[in-house]
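Enquirer: Structural data only, the sequence is not supplied:
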């Protein structure tokens, strides 16, 4: 399976249709290293995604300010 930008956008959109997803979850669960870029690309195609900011621990236990993305509606 490809992991190019298009495939990453598809994986991310499919996951966001199920539940909100944080940057750390997208990296860990979907193997998307730069989720913010994929979210911006999805927004540019008409998907209404909002960002909530929170502090979450990384796998090392350190707190980081991370985005949690919520899909409100899909694009055309």
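Expert: Ah, there it is. None of the values given here were measured: they were computed from a predicted structure. Numbers count the residues shown, from 1 in each chain.
Enquirer: Poorly predicted segments of this structure, please.
Expert: Within the chain, the stretches with pLDDT under 70 are 1, 74-76.
Enquirer: Now with 80, please.
Expert: Scanning the chain for pLDDT under 80 picks out 1, 73-76.
Enquirer: All the strands of it, residue numbers only.
Expert: With strands called from DSSP state E, the chain shows them at 21-22, 48-57, 63-73.
Enquirer: Buried deepest among the ones you listed, which one?
Expert: By mean neighbour count, with neighbours taken as mean count of other CB atoms under 10 Å, strand 21-22 ranks first of the strands of the chain at a mean of 20. For glycine as for every other residue, the C-beta is placed from the backbone atoms N, C-alpha and C.
Enquirer: Contacts for that one, please.
Expert: Residues from elsewhere that reach strand 21-22 (CB atoms under 8 Å, 6 or more residues apart in numbering): 12, 15, 29, 30, 35, 54, 56, 66, 67, 68, 69.
Enquirer: OK, contacts around the residue nearest the centre of the chain?
Expert: Central residue of the chain (CA atoms, centre = their mean): residue 35, 4.7 Å from the mean position. Shown in contact with residue 35 (CB under 8 Å, 6+ apart): 12, 21, 23, 26, 27, 67, 69.
Enquirer: Looking at the residues you listed, which is nearest residue 44?
Expert: The nearest member of the contacts of residue 35 to residue 44, counting by CB to CB, is residue 12 at 13.5 Å.
Enquirer: That closest one: how many residues sit nearby?
Expert: The number of residues packed around residue 12, counting by other CB atoms under 10 Å, is 23.
Enquirer: Same question for residue 3.
Expert: For residue 3, using other CB under 10 Å, the count is 12.
Enquirer: any chance of the strands of the chain in JSON lines, with distance to residue 39 too?
Expert: JSON lines is the format used below for the strands of the chain (distance: least, CB to CB, whole Å):
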{"stretch": "strand 21-22", "distance to residue 39": "9"}
{"stretch": "strand 48-57", "distance to residue 39": "6"}
{"stretch": "strand 63-73", "distance to residue 39": "6"}
